[in-house]
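# With the input below, show me the fold.
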Amino acid sequence: MDAHSSVSPSFCIGQRVQSISPAKSPQIGTVKYIGAVEGYEDVWVGVDWDSGDGRHNGTVNGVRYFDTVGERSGSFVRPSALTGGVTLLEALISRYAGSSSDQENDDMYVVSVRQKNVAVKLVGKDRIVEKQKHLEELNSASLVYSGVCSAGPLGELHNALPNLKELVLTGNLIPDWHVVGHICEELPDLEVLDLSSSRIEVGANSLCIFRNLKTLVLNNCSIAWRQVEILKCSFPLLEELHLCGNDIQKFELEQEDAIVSTSNKFVEGFKFLHLLDLEKNCIEAWEEIMKLSALESLEQLHIGHNNLKQIFYHEQSATSNDAKEQNKNFKPFSSLRCLLLGGNAIQDWESVDSLNLFPNLTEVRLSENPITDLSVGGASRYMLIARLAKITMLNGSEVKQRERRDAEIRYVHFVMRVMPTNSDEEIFRHHPRYSCLKALHDVPDNYSKTGVAAGTQKMAASLQTVTLVCVAPSIGERAPSIKKLPPSTTIGKLKLICQALFKLNASKQCLYLRDQDSPIPTVLNEDLDTLEDIGIGMNATILIDEVKT
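The predicted structure follows:
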């Protein structure tokens, strides 16, 4: 089929377009065909939609008109139902300098209990709207799915927006980096640029230097790392790079004008980059992550929701022999202090223990991994804290000194109970920090299986005051109960005490330790643990909930 028969002058093959429909949210796509469609009159535009929400794969009634990315991401649209976009200034004037429509004003209401619309007045709205109308005073602007396709005539943007520092252009129609360069030249003070959900062609010959940009957001742009390698020299002062949701699997590297992907090469450049966000990609091998280890300024690495199964740290793997001779003090990830690993497939303790080898790592996220999934026997928070020596922030909450001390003592008691007769070598292999923690907290060697150190200390002097608070929905509100219990009291025994107090069957109980130094209660899921095992201090509070069925 001839794609250029009866060609409409308004569009061209490869052009980015946006749908126009008052009843639906706008869609963005790429023109793949312009011309006649057998059995239908007039000219049609074949579009491959970014969202994948189309009608077919470019084939209608057995005739192939164009190819699509998805199985049903294509559709035919009348030219009048599409727009090729507007200039950036036109979109800004429409967004900020225009008056509110009747529809927008009608939308400002809430529904009362009598199902009547009650108008809502935003305090200070008029002042904000009036200020936004003065484009020359804008420091930041957001144009989401606004159909922006060009910077407009030379000098127009610069005169209208002399102070703009942050610009969000999510889901627009910018075709290539030449247009991005034109926008940045017109806005010399621009430091933050968000181009998420765009499809921008990367051509090495048409790139300019973006000297002032410090933050670049390219989330959901279907960009591969080889394109990032081409772009990196154009952003000499880049500090933050966000690349979420781009299906990146490997770091293809540029060397001597060729893109290579080998195990002994490492990402270079990005001299000032301190944050790299690679969440929700398709990286499976930790060897790929190690290719980032030579980024000397990298402080934060976000790699959650990939499919990583293992973590390791090898100093010798981070650089070549020649480079090691030049800098014998080099360490991989030398500046890294924050590593977000949530939502991966990590399930071995060797991976967790290897985090201690990162020289400056103090913040880690390990939630939503098998190793931390309590429903399948994963580790509690206290065990992660005890095994991670330098971590001060775990899963988004601060690890305070008291919580660390209690966690480490509890961990030592745990190891002594589960490995009472194992050799020192075997204990070290499974619990590398055990010996140093045992010495640090002066835990006696003759700590018994019941959790009580040998000695003649009187029972009365060792009783611990515990406040029991029932929060089980089926029981209702009950007054807290304060008990003095020996340190040898097990969680199983405590459940029986709670059963007598609150009439909730022990088998249906789920106990939590609430600590004022920890924002998240610690689940007590081991019936054989004692109060001393779990590091309960004086005046502790235990919450009694019921098991969710």
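# C-alpha from now on. contacts and neighbour counts both.
Will do.
# Could you pull out the helices in the stretch 101-250 of the chain for me?
Per DSSP state H, counting those that start in this stretch, the stretch 101-250 of the chain carries helices over the ranges 102-106, 125-132, 156-160, 177-186, 225-231.
# quick one: low-confidence ranges for the stretch 251-400 of the chain?
By pLDDT under 70, the low-scoring segments of the stretch 251-400 of the chain are 254-264, 315-329.
# try the chain
1-9, 98-133, 203-206, 254-264, 315-329, 446-461, 516-518, 537, 549.
# ok, longest helix in it?
helix 401-418 (DSSP state H).
# Same question for the helix or strand just after that one: list its buried residues.
For helix 401-418, the following helix or strand on the C-terminal side (DSSP states H and E) is helix 424-430. For helix 424-430, the neighbour count (16 or more other C-alpha atoms under 10 Å) marks I427 as buried.
# and if you look at stretch 344-360?
Buried, per 16+ other C-alpha under 10 Å, within stretch 344-360: 344-347, 349-358, 360.
# So which of the residues you listed is the closest to V43?
Within these, proximity to V43 (C-alpha to C-alpha) peaks at N344, which comes in at 48.5 Å.
# among the buried residues of stretch 344-360, which are in strands?
Using DSSP state E, no member of the buried residues of stretch 344-360 falls within strands.
# Which ones among the residues you listed lie within helices?
Per DSSP H, the subset of these in helices is W349, E350, S351, V352, D353, S354.
# can you redo those as a markdown table with distance to V228?
Formatted as a markdown table, these follow (distance: C-alpha to C-alpha, whole Å):
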| residue | distance to V228 |
| --- | --- |
| W349 | 34 |
| E350 | 32 |
| S351 | 29 |
| V352 | 30 |
| D353 | 32 |
| S354 | 29 |
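# Go through the residues you listed and name the one nearest W286.
S351 (10.4 Å).
# what residues are up against the closest one?
Q310, I311, F312 (C-alpha atoms under 8 Å, 6 or more residues apart in numbering).
# V60: how many residues sit nearby?
V60 sits with 16 neighbouring residues when counted by other C-alpha atoms under 10 Å.
# and the gap between it and C12?
Going from V60 to C12 by C-alpha to C-alpha, to the nearest Å gives 21 Å.
# do the same with V202
19 Å.
# S297 now?
The value you get for S297 to C12, if C-alpha to C-alpha is used, is 44 Å.
# Do a quick rundown of the strands in the stretch 101-250 of the chain.
109-111, 117-119, 140-142, 148-150, 166-168, 192-194, 215-217, 240-242 (DSSP state E, counting those that start in this stretch).
# Counting by contacts, list what the fourth one packs against.
Translated: strand 148-150. Where contact means 3 or more C-alpha pairs under 8 Å, 6 or more residues apart in numbering; DSSP states H and E, strand 148-150 is packed against strand 86-87, helix 88-92.
# And the contacts of the longest one?
If I follow you right, that is helix 88-92. So helix 88-92 is in contact with A141, L143, S146, G147, V148, C149, S150, A151, G152, E156, L157, A160, going by C-alpha under 8 Å, 6+ apart.
# Tabulate these (JSON lines), appending distance to D533 and neighbour count.
Output for the contacts of helix 88-92, formatted as JSON lines (distance: C-alpha to C-alpha, whole Å; neighbours: other C-alpha atoms under 10 Å):
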{"residue": "A141", "distance to D533": "55", "neighbour count": "17"}
{"residue": "L143", "distance to D533": "56", "neighbour count": "20"}
{"residue": "S146", "distance to D533": "59", "neighbour count": "23"}
{"residue": "G147", "distance to D533": "61", "neighbour count": "27"}
{"residue": "V148", "distance to D533": "62", "neighbour count": "27"}
{"residue": "C149", "distance to D533": "64", "neighbour count": "21"}
{"residue": "S150", "distance to D533": "65", "neighbour count": "22"}
{"residue": "A151", "distance to D533": "65", "neighbour count": "23"}
{"residue": "G152", "distance to D533": "69", "neighbour count": "18"}
{"residue": "E156", "distance to D533": "70", "neighbour count": "13"}
{"residue": "L157", "distance to D533": "66", "neighbour count": "24"}
{"residue": "A160", "distance to D533": "67", "neighbour count": "19"}
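# Of those residues, just say which sits nearest to T215.
A141 (14.8 Å).
# Can you give me every residue that contacts the residue nearest to P486 when sequence neighbours are not counted?
The shortest distance from P486 to any non-neighbouring residue, by C-alpha to C-alpha, 6 or more residues apart in numbering, is to L463 (4.6 Å). Going by C-alpha under 8 Å, 6+ apart, L463 touches K484, L485, P486, P487.
# Let's see if you can find the most crowded of the residues you listed.
Most surrounded of the contacts of L463: other C-alpha under 10 Å gives P487, at 23 neighbours.
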